[in-house]
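Asker: Need coordinates for the below:
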Amino acid sequence: MIEVEPFSPAHVDRFAKLFEAASSSCFCRYWHFTGTKNDWLDRCANRPEENLAEQAAAVRAADGSARGLVAVDRDAGDAVVGWMKLSPHESVPKLTRLPVYRALDAEPGTWVVGCFLVHPGKRREGAARALLRAAEEHVGAWGGRFLLGHPRRSSEPLHDEEAWQGPERLFIELGYTPIHDVGPYPVYRKVVAPADT
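Answerer: Numbers count the residues shown, from 1 in each chain. Model (predicted):
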């Protein structure tokens, strides 16, 4: 049974095991890394423990850069089998500065799905869907009104590692609307909380 919870310090060790099982050395620090692309690649290849240490320190300090949701498998000893980064739009300027998204304005209260990671042995079993569905409630509880997804579109099936911002069909199936329907880089939006009256 999969249950979704906000990422907390109690999840750090199990979060690390998820990333290790997926051979992912970023530990969800990409959107916050300020060095060059080559610096990032060098760090991931040679010093991935720095990424994990940053993520662990950030969640322990309640730093928003570590915010996200985890999918916990109750039938597998509470293993973390899925992760989804959730961030206020303004806290991921590296994403919003990308040329393909630069012209988009986000309304106050907009949050973004930064990435997904699902354990290789648990893919296509509903973890990503559970995470995205739960995001609506959590973002609303955290004061957000809108949720944006930035999946990659491709005419050919993507390898799992290429779909790290989520499969486009998942956003469509859960009722997201395209607001930037351009080539391989669409942006989908969903209203998750009503406007204050």
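
Asker: Next, the contact list for Leu52, please.
Answerer: Counting by Cβ atoms under 8 Å, 6 or more residues apart in numbering, Leu52 makes contact with 16, 19, 27. Yep, even glycine has a C-beta here, placed from its N, CA and C like the rest.

Asker: Specify which member of those residues is nearest to Pro88.
Answerer: For the contacts of Leu52, the minimum distance to Pro88 (Cβ to Cβ) is 20.1 Å, reached by Phe27.

Asker: That closest one against Val59, yeah?
Answerer: No. Taking contacts as Cβ atoms under 8 Å, Phe27 lies outside contact range of Val59: 10.8 Å.

Asker: got a winner among the contacts of Leu52 for most neighbours?
Answerer: Phe27 (25 neighbours; other Cβ atoms under 10 Å).

Asker: Which single one of the contacts of Leu52 is nearest to Thr34?
Answerer: Thr34 has its nearest neighbour among the contacts of Leu52 in Phe27, at 15.9 Å by Cβ to Cβ.

Asker: Three-state assignment for the closest one, please.
Answerer: Of the three states, Phe27 takes coil under DSSP: H, G, I helix; E, B strand; the rest coil.

Asker: on that earlier part again, mind putting the contacts of Leu52 in TSV, distance to His180 and pLDDT included?
Answerer: Compiled in TSV, the contacts of Leu52 are given as follows (distance: Cβ to Cβ, whole Å; pLDDT from 0 to 100):
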residue	distance to His180	pLDDT
Ala16	34	97
Phe19	29	96
Phe27	28	96
